[in-house]
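> Structure for the following, please:
(one chain, ligands or ions: 1)
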Amino acid sequence: MNFTSDHNWISESLEIGKEMLYLSQKEVLGIGLSEKEILNLTKDALIAHGKKEYEMPAKIGVHPFPEVFFHAMPAYVPSKQAVGAKWIECYPNNPSKFQLPQTTGLLILNDVSSGCPIALMDSAWITAMRTPAVTSLAAEALHPDAETFGMFGCGIQGIEHVKYIGHTLKKLKKIYIYDVREEAMDRLIQEVQPKISVEIVKGKNPEEVTKSCEVLSSATVILKEPLAVIKDEWVSRGQTIIPCDMNTFLDPVTSKRADKYIVDSIEEHELFDQMGYFPDGLPKIVCETGEIIAGVKKGRESKEELIVCSNIGMAVCDVVVGREIFNQALANNVGVKLTL
Ligand SMILES: NC(=O)c1ccc[n+]([C@@H]2O[C@H](COP(=O)([O-])OP(=O)(O)OC[C@H]3O[C@@H](n4cnc5c(N)ncnc54)[C@H](O)[C@@H]3O)[C@@H](O)[C@H]2O)c1
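As a prediction, the model looks like this:
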């Protein structure tokens, strides 16, 4: 579909320039995109990114307190007629302080032809889905034969990661999980084990999980000062580590000595480095995750390579998934039309 026909298609259901569609989290979820659909959409976004067929400046942000951030995340993916911006916050202490999620946010989408806003929707669910999709696609590209996967952090992201990973790592036999909160591990097992056939086991400690798994991921907290919970001496050659919490959980020494340090966005990582999130310096980056998924750059070249693939989160994924949700909502008369 070209831009004009897309504009005309939207106009059949929405008076562009006069109204936009509002979708609550319940409505976003109610569209019912499956994990496989999210994986396919995320893959399309990563391929567009890898082929440089996108526009996405590095996130700009504001920081009311030292350990929190608000990010403005604009992106344009022409192949999907997806243009918009996510406005997202990360408050690591929200769960303990307010019993609120660390991450909440909104996504705004626009009509590419006229620029007018066409939708405003909750973005927490989209973030919760596209992030494990990125990890799972990276794992598939970098370590397709893995039989063991370890997940650190059993919150929103941890739960979804354990649900998603088996879609791409088809040979998985065991998933180890670890969280400082015992109840978070219990909840994950209770929620996810009935949905997947791969056995989920509670790790005794981070060392056991690190040493037991070929592929590891972490979604705990993002802090400027690394926690370095995964000690470098526990990490072996041949492992693949795919953090969602950047430089916090993994010992920065590991990222520096890895044979390949791959990131979703070089620009984003350089920006976080400037903001002080890599106090020991940004490791040498070999390429971007999307380039591997698109086949533009090589991923794993030998079984012995230690690979770290840090994915901070990219707006190209948000706007592509969000645009599909908007398309389905419009086609099915879901959501509330708000006057502009
Ligand atoms: N890269 C991305 O695209 C992306 C997207 C969304 C969220 N995130 C990040 O992922 C992280 C998790 O997000 P969430 O929404 O799942 O949060 P959450 O609060 O739901 O879950 C975090 C979990 O980590 C656990 N945890 C905290 N410190 C730990 C430690 N030292 N050892 C073991 N477990 C620990 C907590 O007990 C909690 O269960 C956050 O840092 C968030 O900023 C990244």
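> what about Glu53, which SS state?
Three-state call for Glu53 (DSSP: H, G, I helix; E, B strand; the rest coil): coil.
> wait, is Met20 part of a strand?
Yes: according to three-state DSSP, Met20 belongs to a strand.
> The closest residue to it other than its chain neighbours and His49: what is the separation?
Nearest non-adjacent residue to Met20, counting by C-beta to C-beta, 6 or more residues apart in numbering: Pro117, 4.8 Å away. (Each C-beta comes from the backbone N, C-alpha and C, glycine too.) As judged by C-beta to C-beta, to the nearest Å, Pro117 and His49 stand 24 Å apart.
> Compare those two (neighbour count), which wins?
Set Pro117 next to His49 and count neighbours by other C-beta atoms under 10 Å: His49 wins out with 26 against 18.
> part of a strand, is Ile241?
Yes: checked against three-state DSSP, Ile241 lies within a strand.
> so how far is Ile307 from it?
From Ile241 to Ile307 the distance is 7 Å (C-beta to C-beta).
> Could you do Glu35 as well?
Distance from Glu35 to Ile307, by C-beta to C-beta: 24 Å.
> who has more neighbours, the two?
Neighbour count, other C-beta under 10 Å: between Glu35 and Ile307, Ile307 has more, with 23 against 17.
> what are the bridge partners for that one, then?
Thr240, Lys260 (DSSP bridges).
> residues touching it, list them.
Contact analysis of Ile307 by C-beta atoms under 8 Å, 6 or more residues apart in numbering lists Leu142, His143, Gln239, Thr240, Ile241, Ala258, Asp259, Lys260, Ile262, Gly299, Arg300.
> change it to 7 Å
Counting by C-beta atoms under 7 Å, 6 or more residues apart in numbering, Ile307 makes contact with Leu142, Thr240, Ala258, Asp259, Lys260, Ile262, Arg300.
> Tyr178 now?
Applying C-beta under 7 Å, 6+ apart to Tyr178 gives the contacts Phe152, Gly203, Pro206, Val209.
> Phi first, then psi, for it.
phi -150, psi 140 (degrees, to the nearest 10).
> any idea how far the ligand is from it?
6 Å (C-beta to the nearest ligand atom, to the nearest Å).
> With adjacent residues omitted, what lies nearest to that residue?
Leaving aside its sequence neighbours, Tyr178 sits nearest to Gly203 (C-beta to C-beta, 6+ apart; 4.0 Å).
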